[in-house]
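> sequence unavailable; structure follows:
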């Protein structure tokens, strides 16, 4: 066999192997961005963290590296309290789109359930709370938000506030705000409200 032809065949073989190895490593990194064993729920249609708030659920906490990985530019503090963020649900996990929820502020007065959305490069492109709960004894305020999924980025949210006013002689006032919102995708985008109604509850 011609020596030049043999060298060419060997060269093409090496290039093909290295390309295949690169493709395999890319596929592997794409599938391991989200570890399903960390999460409690999968493909939820309704979001309500009352059971977690009442201590009926034990969730796995994110460590510092995981908080940086998932929150990316949205991370509020470099030094992460290991109990502050907790894994909740995986909504979607494929090559094009990944959606998860994480309990955010687990040690605070008003924790919420954040939805985080990632593109094919595992970059954070969507970020918004879909549920929340809490109390403020100084204001005599109770607060709760739940949401129902319409599609991957559109949700119907119900917020209920119960408030005992200082000048109302202990009378409880309650109101509800029902909002349909769309999580806008892109860097530092928030959400867009498509409809909103407020009700006074008896």
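Sure, I can see it. If you're wondering where the values come from, they're calculated on a predicted model, not measured in any experiment.

> can we go C-alpha only for contacts and neighbour counts from here?
OK.

> verify the stated contact: residue 163 with residue 137.
No: at 10.2 Å, residue 163 and residue 137 do not qualify as touching, with contact defined as C-alpha atoms under 8 Å.

> so the two - more neighbours on which side?
residue 163 (19 against 9; other C-alpha atoms under 10 Å).

> could you check how far the more buried one is from residue 111?
18 Å (C-alpha to C-alpha, to the nearest Å).

> show me the helices in this protein, by range?
Taking DSSP state H to define them, one finds helices in the chain at 3-31, 50-53, 64-71.

> hey, least reliable of those helices by pLDDT?
Note on the helices of the chain: lowest mean pLDDT is at helix 3-31, with a mean of 49.

> just the pLDDT for the most centrally placed residue in the chain.
Centroid-nearest residue in the chain: residue 115, 2.6 Å away (criterion: C-alpha atoms, centre = their mean). Here the pLDDT value assigned to residue 115 is 97.

> same question, the one 5 residues further on
Looking at residue 120, its pLDDT reads 95.

> check the one 10 residues further on too.
As summarised for this prediction, residue 130 has a pLDDT of 97.

> tally of neighbours for it?
The number of residues near residue 130, taken as other C-alpha under 10 Å, comes to 25.

> so it makes contact with residue 116?
No: here residue 130 lies out of contact with residue 116, judged by C-alpha under 8 Å, at a distance of 10.2 Å.

> bridged to residue 182, which residues?
residue 154, residue 192 (DSSP bridges).

> state the distance from it to residue 128.
Distance from residue 182 to residue 128, counting by C-alpha to C-alpha: 9 Å.

> now do the shared contacts for these two.
Taking C-alpha atoms under 8 Å, 6 or more residues apart in numbering as the contact rule, residue 182 and residue 128 both touch residue 191.

> mind listing what's buried along stretch 65-72?
67-70 (16 or more other C-alpha atoms under 10 Å).

> what's the answer for stretch 51-58, then?
By neighbour count on 16+ other C-alpha under 10 Å, the buried set for stretch 51-58 is empty.
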